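Visitor: Curious how this folds, go ahead:
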Amino acid sequence: MSLQKMLKDFDFERLAGSAGEAKAREIIINYLRNLGFDPQVEPFTIKGFSSGTADIFVGSYHFEATPFGLCTDVEIEAELVFLENADILKHNPGIYEDKIVLYYHHQTRLYELNEFTKVRAFIGISAPGKKSYSYSHRQNCEDDAYVPSVMMRYDDAEKLIKHSGKQVKLMISQKRESLLAHNLILDIKGSSNEKNLTLLVGHYDTVARSHGACDNAAGSIALLKAAQHFAKHPPRRDLRIIWFSGEEMGLLGSYAYAQAHADEIQKRLRSVINVDLAGDPIGRNQLIVLGTKELMGYSAGILKENGLLFCESLGIYSSDCMPFSVFEVPSLNLARTGGKALNFGHTADDTYKNTSEYGLQDIVRATIVLLDHILNAAIYPINKEIDDSLRDKIESYLWQSTLQKPELKWRERYRK
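Guide: Okay, here's the model as predicted:
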């Protein structure tokens, strides 16, 4: 079966905790069982939501919009104000009180902006040439921080801007409820007695209204192909493959897993390979190393040895690798960017039709090649270490991601 044919099987919305997530999970489980494996499911609780709808009315005009996840049913009428950069709310607090704010960009989170000026609602403008982006409020926000927020198309926003200063009605219809999402875990036992554990991970959920072909059905397929490879070629060392859910809501599945398996992570886990984004017919293969320069050279060298030239960099990656960085576990993050598939990411146009077989092949090959070397090396080749230069970036990311102060469980470099 071709990679793109496999991708087509996942061509539907897979919002965490939804029927779509359950459907995708069954596809993965059936594939693994046909390989002779017995995968396990680990549920975790989330604040879930339906895809929902949103409508904007001004005079005789009507525009459709996309509600942020975790909004609830609401109907608001207020004056519309266009602020191209919404950060002005924190520089001029109070001026736009009780307004509906139409904005194009900002650097401060919306719930933080609303602490300076209590607006009635936010209407964000998506990038030109695309359908509306899908976003979600953070899980750990207080209920009063879930400001009614929507995204709309760029071309519709050009028309709406002309009504700045007029009364506008915003209607959101969306159900918010506690749901169970599910991580899917497959253990492939190594032939030796060595205790080191390696993880191969990727998320199989999507944002609302998106089929998530590039982000991240493609990564999910890379994990399936790796399982197929190691079913035929059992490794020397233990491999655990995890399909995470809830990544699009803030890495919820990987955070839940890291919390539930913290003891094992500290004792056994040595490295993580995370596959997130692939499929661009013309694009750029990326190797983002959350680790050390030594690890970057090692992994990039392996890929080159096998005819795979990736653009390598040392840094953090906003994906399911991050919860493991708390324990100073390094990760190799594989992604393909720069083409039309990713261009439609987080929109309804992220479908398999915008991907190609060619755009999937290198990521799948790189995943298997790297794992083959790591799992079968005479000596485990990766140190459990992350460069100190990344520490502040990791702490900042984790703080913003969870809205809680992170505690890095890194080893001491020296003792006083």
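
Visitor: Low-confidence stretches in this structure?
Guide: Under the criterion pLDDT under 70, the flagged ranges of the chain are 414-416.

Visitor: Tell me how it divides into domains.
Guide: 3-49+178-402, 53-174 (automatic domain parsing).

Visitor: Out of those domains, which one sits most buried?
Guide: For those, average neighbour numbers computed from mean count of other Cβ atoms under 10 Å are highest in domain 3-49+178-402, which has a mean of 20. Glycine gets a C-beta too; all of them are placed from N, C-alpha and C.

Visitor: chain center to that one: distance?
Guide: In terms of Cα atoms, centre = their mean, to the nearest Å, the centre of domain 3-49+178-402 is set 10 Å apart from its chain centre.

Visitor: ok, back up a step: export the domains of the chain to a markdown table and append columns for distance to residue 410.
Guide: Output for those, formatted as a markdown table (distance: least, Cβ to Cβ, whole Å):
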| stretch | distance to residue 410 |
| --- | --- |
| domain 3-49+178-402 | 4 |
| domain 53-174 | 23 |
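
Visitor: closest to residue 408 out of those?
Guide: Nearest to residue 408 among these is domain 3-49+178-402; the distance by Cβ to Cβ comes to 5.8 Å.

Visitor: looking at it, residue 218 is touching residue 278, isn't it?
Guide: Yes: with contact defined as Cβ atoms under 8 Å, residue 218 reaches residue 278; the gap is 3.6 Å.

Visitor: what about the helices in the protein?
Guide: All helices of the chain, identified by DSSP state H, fall at 3-8, 19-34, 88-91, 110-116, 154-160, 218-232, 252-260, 262-268, 293-305, 322-325, 340-343, 358-376, 391-402.

Visitor: re the thing from before, relative to residue 409, which of the domains of the chain is closest?
Guide: That would be domain 3-49+178-402 among these, by Cβ to Cβ, at 5.2 Å.

Visitor: what about that closest one, how long is it end to end?
Guide: Domain 3-49+178-402 has an end-to-end distance of 35 Å (Cα to Cα, to the nearest Å).

Visitor: Likewise for stretch 283-299?
Guide: 20 Å.

Visitor: Please apply the same query to stretch 375-394.
Guide: 27 Å.

Visitor: who wins for proximity to residue 43 among the helices of the chain?
Guide: Residue 43 sits nearest to helix 252-260 of all the helices of the chain, at 9.0 Å, using Cβ to Cβ.

Visitor: pretty sure residue 131 contacts residue 345?
Guide: No: when contacts are counted by Cβ under 8 Å, residue 131 is not listed as touching residue 345 (11.3 Å).

Visitor: Please determine how far the residue nearest to residue 303 when sequence neighbours are not counted is located from residue 283.
Guide: Residue nearest to residue 303 in three dimensions, not counting chain neighbours: residue 310, with 5.3 Å by Cβ to Cβ, 6 or more residues apart in numbering. To residue 283, residue 310 is 11 Å away according to Cβ to Cβ, to the nearest Å.

Visitor: so who does residue 354 touch?
Guide: Residues near residue 354 by Cβ atoms under 8 Å, 6 or more residues apart in numbering: 213, 214, 279, 281, 340, 341, 344.

Visitor: ranges for the strands of the stretch 1-150 of the chain?
Guide: Applying DSSP state E, counting those that start in this stretch to the stretch 1-150 of the chain gives strands spanning 40-49, 53-58, 61-67, 74-85, 100-105, 121-125, 149-152.

Visitor: closest one to residue 197 among these?
Guide: The nearest among those, by Cβ to Cβ, is strand 40-49 at 15.2 Å.

Visitor: Sheet partners, orientation included, of the closest one?
Guide: Sheet pairing of strand 40-49 (DSSP bridges) gives strand 176-188 (antiparallel).

Visitor: The partner strand vs helix 218-232, what angle?
Guide: With axes from the mean of the first three to the mean of the last three Cα atoms, to 10 degrees as the basis, strand 176-188 and helix 218-232 are set at 30 degrees to each other.

Visitor: chain center to strand 176-188, what's the gap?
Guide: Distance of strand 176-188 from the chain centroid (Cα atoms, centre = their mean) equals 15 Å.
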